[in-house]
Every structure is written in structure tokens, then in C-alpha cells.
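> My questions concern the predicted model and sequence given below.
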Amino acid sequence: MNSSPTRQQDLQTWAIRHQKLIWGIIIAIAVLGGLFLLANTGSDEWESDSQRNQAFQEFYCKKLEEDPNEVGDSLISASNDLYSDPGDRAVLVRNARMIIDGAFTPTCDTDSPTYNQMIVESWAKVAEQQYGDNFTPSKAREAGVSVENN
């Protein structure tokens, strides 16, 4: 009868060791699978300048329409750098104030009655200065911008 409890203990020990081994293998597979998925989520490099420029245009247009107050403030702050002509600066500042005051909603849609070429072109330059160096595919995805080549 002494051998029976010992055999039972040996079997329990063996089962526990194998259970730990199996869980270790499962965890290792899960970790490797996760690393594989992360490695294949896409490079943080642009495939081409065209791809980057297209994504950046979508980004700054989206920002223009979703955050007009920030756009207006940024345009006013950058007006001296954007235009050397005092008249052009005054027009830009007036338009930016109108955006901030809600007089019109800026858009990149050239068919819209509120489309303003000066605002769009000026904002594109300011956005490039503010975000351009750090505009990676992952930043584009975070902003809800497509990074696929069309």
C-alpha cells in the first residue's frame, strides 16, 4: 500500500510538469504570433513620394475641416512667413478670423461655396511645417487617413 500513494504522487507531479510545459508552449506560440502580427502591420516608411503626398493632402484637408479654430490660429501666426505682401497677409488674417468666428467652414472641396484657395494653399504650407517631418504611415493611420496607393 505504500507504493500506491507514491505512485499517485509521481503521476500528479508528472501531470503538473507536463501541464506547465504545455502552457509554456501555448504562451510561446501566442507571443510569437503576436510578434509576427506586429511585424506585418506595415512599414513606417512611405513606398513613394506620391503615396506620402496623397496621404498628407488627405490629412491636412481632414484637419482643415475638423479643426478650423486650430487652422485659423495657425494661419494667423504664420501669416508673416507665408506672405511678404501686406495686402495678402491682411486678406489671410481676415479669412482666418472669419474661420475662427464661424463665418464659414473651410474645405478642400473645390465645388463647395466656402472653398477658399488661399486658405487651402496656406494651410497646406503651415501643415507641412507643423506635421510634415513627423508624418509617417502610422501617424496617418492614427489620424484615420488611408495610406494605400490608389
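Thanks, I have the structure now.

> make it CA atoms for all contacts and neighbour counts henceforth
OK.

> Check the offset of the helix of greatest length in the chain from the chain's centre.
Using DSSP state H, we find that the single longest helix of the chain is helix 3-39. In terms of C-alpha atoms, centre = their mean, to the nearest Å, the centre of helix 3-39 is set 40 Å apart from its chain centre.

> Got the domain ranges for this structure?
By the assignment in automatic domain parsing, the chain contains the domains 1-41, 49-142.

> and these, which one's lowest on average pLDDT?
The stretch with the lowest mean pLDDT among the domains of the chain is domain 1-41, at a mean of 75.

> How far away from the center of its chain is that domain?
40 Å.

> Same question for stretch 117-129.
With C-alpha atoms, centre = their mean, you get 19 Å for stretch 117-129.

> next one: stretch 130-137
9 Å.

> burial of S79, as a residue count?
21 (other C-alpha atoms under 10 Å).

> all helices of the chain, in order?
Under DSSP H, the chain gives helices at 3-39, 49-66, 68-82, 86-100, 117-131, 137-142.

> give the contact list for R97.
G72, I76 (C-alpha atoms under 8 Å, 6 or more residues apart in numbering).
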